[in-house]
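A.B. asks: 3D model of this:
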Amino acid sequence: MIIAAVVVAVVVVVSVIGYGVIGYAFASSRIAGARSAYNTVVSHQNAITDEFNTLNTKMTALSLSTATSTDLQQNRASYVQLVSQSQSAEPTLTSDDAFLATAQARLYQTSWLTLIRRSDLDRTSAKIGHERKALADAKAIAGDLVQLGTFYQAFYDSLIDLDTLTTKATASDFVNAAAAIGALKSDITMAIQLSGAPGLPPEMKLFLTDFQTLATDVGKLLNAVISGDTNGVQADVKAVDADNTKIDTYDFGKMNATTKAFYQPMIDAFNAEASIANSM
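C.D. replies: Have a look, this model is predicted:
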């Protein structure tokens, strides 16, 4: 009986030791796999982190009176890049979240075997949880920036149209200047349709509505000039002057500040979650 009891005790001890060794190794492999998944996702995240944190430099305050053709083209190009980067990021963010979700779930598979490292598993799961929150924030921001950047492309298209028209009119090429009105009005209409993009203040749509009125009145003025309608020219000049006076009341610096204030808390939340995840 004593021998049997000793044998049982030995078996129990061996089993406990075996359970501990196997459980520790199994849990370690799960933790290593989860951290490897995390590192892969973070390597993908670096590009979009840079994009978000340089958003303020893309959103430069505009002065309609001093902006050059080069300024307009460069600003438009920055928003083309913003849309392209955001659109490229969205599917990666979705797949990365699914990748992390799988890794997080695997941490607790065969949980009876991994009790010995439960606190480490919980800590790793929390790390992944914060990173997934960062990814959710990033996906929301990227989706909003696609809309914002698409709006600004149409917005700058209209300003480039105006610059082209002004150049032709200044050169007394009134026929081609008048022909440019169609593109100007079309691009303003597109910008108005897109002016509900997240972060844009309501003043932007009001500006575009007044801009559309200006385009219409400039078109009338050019047609009057071309047809030699002196009375029409005088009336249309007054209308255009009134339109320009109204246009000048809009504060683009203030509108930009409103948009930046909309995005900054979202970007801060993204950075905070990513920072917490990195520190764990």
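
A.B. asks: okay, CA-based contacts and neighbour counts for the rest of this
C.D. replies: Will do.

A.B. asks: Do a quick rundown of the helices in the stretch 151-280 of the chain.
C.D. replies: 174-179, 181-193, 202-227, 230-247, 252-279 (DSSP state H, counting those that start in this stretch).

A.B. asks: Can you say which of the ones you listed is nearest to S95?
C.D. replies: helix 252-279 (17.2 Å; Cα to Cα).

A.B. asks: show me where pLDDT drops low in the chain?
C.D. replies: Along the chain, segments meeting pLDDT under 70 span 1-28, 60-65, 110-116.

A.B. asks: Go again with 50.
C.D. replies: Along the chain, the model assigns pLDDT under 50 to residues 4-16, 19.

A.B. asks: Give me the distance between K246 and S172.
C.D. replies: According to Cα to Cα, to the nearest Å, K246 and S172 sit 25 Å apart.

A.B. asks: Kindly report the same for V83.
C.D. replies: V83 is 37 Å from S172, by Cα to Cα.

A.B. asks: between the two, who's got more neighbours?
C.D. replies: Ranked by neighbour count (other Cα atoms under 10 Å), V83 and S172 place V83 first, with 24 against 11.

A.B. asks: what about the residue nearest to the more buried one when sequence neighbours are not counted, how many neighbours?
C.D. replies: Of all residues not flanking V83 in the chain, V146 sits nearest, at 4.8 Å (Cα to Cα, 6 or more residues apart in numbering). Residues contacting V146 under the criterion other Cα under 10 Å number 22.

A.B. asks: just how off-centre is the helix or strand hosting V146 within its chain?
C.D. replies: Assigned by DSSP states H and E, V146 falls within helix 118-170. Mean C-alpha position of helix 118-170 versus that of the full chain (Cα atoms, centre = their mean, to the nearest Å) differs by 1 Å.

A.B. asks: can you state the direction angle for that helix and helix 181-193?
C.D. replies: 150 degrees (axes from the mean of the first three to the mean of the last three Cα atoms, to 10 degrees).

A.B. asks: Show me what helix 118-170 packs onto, helices and strands only.
C.D. replies: helix 2-53, helix 69-106, helix 174-179, helix 181-193, helix 252-279 (3 or more Cα pairs under 8 Å, 6 or more residues apart in numbering; DSSP states H and E).

A.B. asks: List the buried residues in the last one.
C.D. replies: Which is helix 252-279. Using 16 or more other Cα atoms under 10 Å as the test for burial, helix 252-279 gives 252, 255-257, 259-260, 263, 266-267, 270-274, 277.

A.B. asks: which one of those sits closest to V218?
C.D. replies: F252 (22.3 Å).

A.B. asks: T213 versus the closest residue to Y250 other than its chain neighbours, what's the distance?
C.D. replies: Leaving aside its sequence neighbours, Y250 sits nearest to F207 (Cα to Cα, 6+ apart; 6.9 Å). Remark: distance between F207 and T213 (Cα to Cα) = 10 Å.

A.B. asks: count of neighbours near the closest residue to K220 other than its chain neighbours?
C.D. replies: In space, and not counting its chain neighbours, K220 is closest to D236: 6.6 Å by Cα to Cα, 6+ apart. D236 has 21 neighbours, counted by other Cα under 10 Å.
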